[in-house]
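K.L.:
what would the 3D arrangement of this be:
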Amino acid sequence: MRFSKAVAALALGGSALAAPYDGDGPYHGFGMIAPKVMIVSLFAPEANIWFTNLPSSGLGDLMQVNITAPGLSMLFPQIHCVADFSICQMTTGESEINAASTVMAAMLSGKFDFRHTYFLIAGIAGVNPKHGALGSVALAQYTVQVALQYEFDAREMPEGWSTGYFGYKTTAPDVEPGNAYGTEVFELSSTLRDLAFGFASKANLSVDPIASAYGKRYAGFEPASLFAAATHPPSVVKCDTATSDVYYSGKLLGEAFEDVIDVWTNGTGKYCMTAQEDSAVLEVLVRVAIEGFVDFSRVILMRTGSDYDRPPPNMTAFENLRVAKPNGYGIAVENIYLAGVEIVRGILKDWHRTFHRGVKPANYIGDIFGSLGGKPDFGHGSTTNGTGYKPHGRSAGGHRRTSSGMGRKAGYV
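P.N.:
Numbering: from 1, shown residues only. Next comes the predicted model:
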């Protein structure tokens, strides 16, 4: 779509609401809404936990303001905000396509000034029992689009292979891809992640006796220490997410994607959660960050474990996925709110002293291309020699980009 000069000017306009809103019905104001925190939910239960519980927190009621915009999900056609607009929430709809479409619609709606907004992507996920129990809360530095590969059906893969997945322009698994589309790996601020971890760690997380008993079954593996995290109560951890629209289950796929994340992040990523939407949301935020609409250093990715990505001993992958009832779903949804509200509260409480001016990352942030500047510590390196891409389709030298040739110069095919 064409982003008109009028909309562009509006999107970068004033940061305060021009006229008050009485909270009755959809928002039709003419001022810009500048939330301090935007909660990004992926489907209804993840949103409802905020709608139900936030009013009792003293931080406001997300149903006070309801904003429509073209291109939002048909199922979730409004963005919701508390009365003073400090906190807003959107629901994208599940899967990568829905997530990207909804977030881009919000970015280009012309109704928000997101330049100082912190984005809290908060949803449930499958959890790797090596790193967490059902209900555990993970704060991520990386997300990796693990399904962006070649694939053989495992029954037809070459002899001796451990998986049917292998990277583009390669001839075997566990080799870094020979070319890139740009969405393979995203890295977020470890500095902000650590602050969010500190806030979330204050939460009194929900537990469930059935989920706890199910987790203890992983003690049957040898060595028992390998899956010790699953046998303990849910906790807040620092580890990373895999993005795939395929809802996979089983030891072999779990281990295959552990290896993918290890290879694609140069050994620095630690796979513990699997979800559908993370890479899609982050790609949109990178693109609009190039235009100055958001600050990519203000993105927090949080996932909570609702089921395990592989079965305990003496259970098949099918049983783990479709038969077993580990009872993790309820506490995973509850812990989105319990951990998430502590993060929101921490940002708002320390807004003027710390968060308004931003938290400087200690690490590289962005995509595999280095689109926001700097040099990625994974992949083939920056496609612009570290300068990043410029707004309005212009290259580092000020010339308009007309092809993907810059990527090829840096070793991308």
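
K.L.:
how many neighbours does the spatially closest residue to Met32 that is not a sequence neighbour have?
P.N.:
If the residues on either side of it in the chain are set aside, Met32 comes closest to Asp113, at 4.3 Å by Cβ to Cβ, 6 or more residues apart in numbering. Where you see a C-beta, it was placed from the backbone N, CA and C, and this is true even at glycine. Neighbourhood size, Asp113 [other Cβ atoms under 10 Å]: 22.

K.L.:
and Lys375, what does it touch?
P.N.:
Tyr364, Gly381, Ser382, Gly386 (Cβ atoms under 8 Å, 6 or more residues apart in numbering).

K.L.:
quick check: closest non-adjacent residue to the residue most central in space within the chain.
P.N.:
Nearest residue to the geometric centre of the chain (Cα atoms, centre = their mean): Asp278, 3.5 Å. Once flanking residues are discounted, Asp278 sits nearest to Thr143: 4.1 Å by Cβ to Cβ, 6+ apart.

K.L.:
please tell me how far the residue sitting furthest away from the middle of the chain sits from Pro173.
P.N.:
Most distant residue from the mean C-alpha position of the chain: Glu159, 35.8 Å away (Cα atoms, centre = their mean). Distance of Glu159 to Pro173, given as Cβ to Cβ, to the nearest Å: 13 Å.

K.L.:
do I have it right that the residue nearest to Asp278 meets Ala242?
P.N.:
Yes: counting by Cβ atoms under 8 Å, Ala242 is a contact partner of Thr143 at 7.3 Å.

K.L.:
can you give me the strands for the stretch 301-413 of the chain?
P.N.:
366-367 (DSSP state E, counting those that start in this stretch).

K.L.:
specify the helix with the largest residue count in this structure.
P.N.:
Ranked by residue count and defined by DSSP state H, the top helix of the chain is helix 329-349.

K.L.:
what is the mean pLDDT for that helix?
P.N.:
The average pLDDT for helix 329-349 rounds to 98.

K.L.:
quick revisit: what's opposite the residue nearest to Asp278 in the beta bridge?
P.N.:
In this structure, Thr143 bridges to Phe186, Thr241 when assessed by DSSP bridges.

K.L.:
quick one: low-confidence parts of this protein?
P.N.:
The chain contains residues with pLDDT under 70 at 1-30, 396-413.

K.L.:
now do the helices in it.
P.N.:
Using DSSP H, the helices of the chain run over 5-11, 44-53, 96-107, 190-200, 209-216, 228-231, 251-264, 278-290, 317-318, 329-349, 405-409.

K.L.:
so which of those is nearest Ser86?
P.N.:
Closest approach to Ser86 among the helices of the chain is made by helix 329-349 (6.2 Å; Cβ to Cβ).

K.L.:
got the angle for the closest one vs helix 209-216?
P.N.:
100 degrees (axes from the mean of the first three to the mean of the last three Cα atoms, to 10 degrees).

K.L.:
let's see the longest helix of the chain as CSV, backbone CA atoms only.
P.N.:
Output of helix 329-349 as CSV, limited to C-alpha atoms (Å, rounded to 0.1, in the frame of the first residue of the first chain):
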residue,chain,number,x,y,z
TYR,A,329,-2.7,-24.2,29.4
GLY,A,330,-4.5,-22.5,32.3
ILE,A,331,-1.4,-21.6,34.3
ALA,A,332,0.4,-20.4,31.1
VAL,A,333,-2.4,-17.9,30.3
GLU,A,334,-2.5,-16.8,34.0
ASN,A,335,1.3,-16.3,34.1
ILE,A,336,1.2,-14.1,31.0
TYR,A,337,-0.7,-11.6,33.2
LEU,A,338,1.1,-12.3,36.5
ALA,A,339,4.6,-11.8,35.0
GLY,A,340,3.5,-9.3,32.4
VAL,A,341,1.8,-6.8,34.7
GLU,A,342,5.0,-6.6,36.8
ILE,A,343,6.9,-5.6,33.6
VAL,A,344,4.2,-3.0,32.7
ARG,A,345,4.2,-1.7,36.3
GLY,A,346,8.0,-1.5,36.3
ILE,A,347,8.1,0.5,33.1
LEU,A,348,5.4,3.0,34.2
LYS,A,349,6.8,3.4,37.7
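
K.L.:
who does it touch, helix- and strand-wise?
P.N.:
The contact analysis (3 or more Cβ pairs under 8 Å, 6 or more residues apart in numbering; DSSP states H and E) places helix 329-349 against strand 37-41, helix 44-53, strand 118-127, helix 190-200, strand 299-308.

K.L.:
and those as CSV, adding mean neighbour count?
P.N.:
Formatted as CSV, those follow (neighbours: other Cβ atoms under 10 Å):
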stretch, mean neighbour count
strand 37-41, 26
helix 44-53, 18
strand 118-127, 27
helix 190-200, 21
strand 299-308, 28
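
K.L.:
mind checking which of these is nearest Thr92?
P.N.:
Here strand 37-41 is closest among those (Cβ to Cβ), at 6.6 Å.

K.L.:
name every strand pairing with the closest one and say which way it goes.
P.N.:
Applying DSSP bridges to the sheet, strand 37-41 is found paired with strand 87-91 (parallel), strand 118-127 (parallel).

K.L.:
quick one: distance of it to the chain centre.
P.N.:
Remark: strand 37-41 is offset 11 Å from the chain centroid, using Cα atoms, centre = their mean, to the nearest Å.

K.L.:
same question for stretch 140-152.
P.N.:
13 Å.

K.L.:
again, but for stretch 249-258
P.N.:
On the basis of Cα atoms, centre = their mean, stretch 249-258 sits 20 Å off its chain's mean C-alpha point.

K.L.:
pull out the buried residues from that stretch.
P.N.:
Ser249, Gly250, Leu253, Gly254, Glu255, Ala256, Phe257, Glu258 (16 or more other Cβ atoms under 10 Å).

K.L.:
which residues sit against that stretch?
P.N.:
Residues contacting stretch 249-258 (Cβ under 8 Å, 6+ apart): 126, 128, 146, 154, 162-163, 165, 173, 242, 244, 248, 271, 274, 309-311, 317-318, 320-321.

K.L.:
next one: stretch 39-58
P.N.:
Contacts of stretch 39-58 (Cβ under 8 Å, 6+ apart): 60-63, 75-76, 80, 82, 87-94, 99, 103, 119-124, 275-277, 281, 333-334, 336-337, 340-341, 344-345.

K.L.:
switch to 7 Å and redo it
P.N.:
60-63, 87, 89-94, 99, 119-124, 277, 281, 333-334, 336-337, 341 (Cβ atoms under 7 Å, 6 or more residues apart in numbering).
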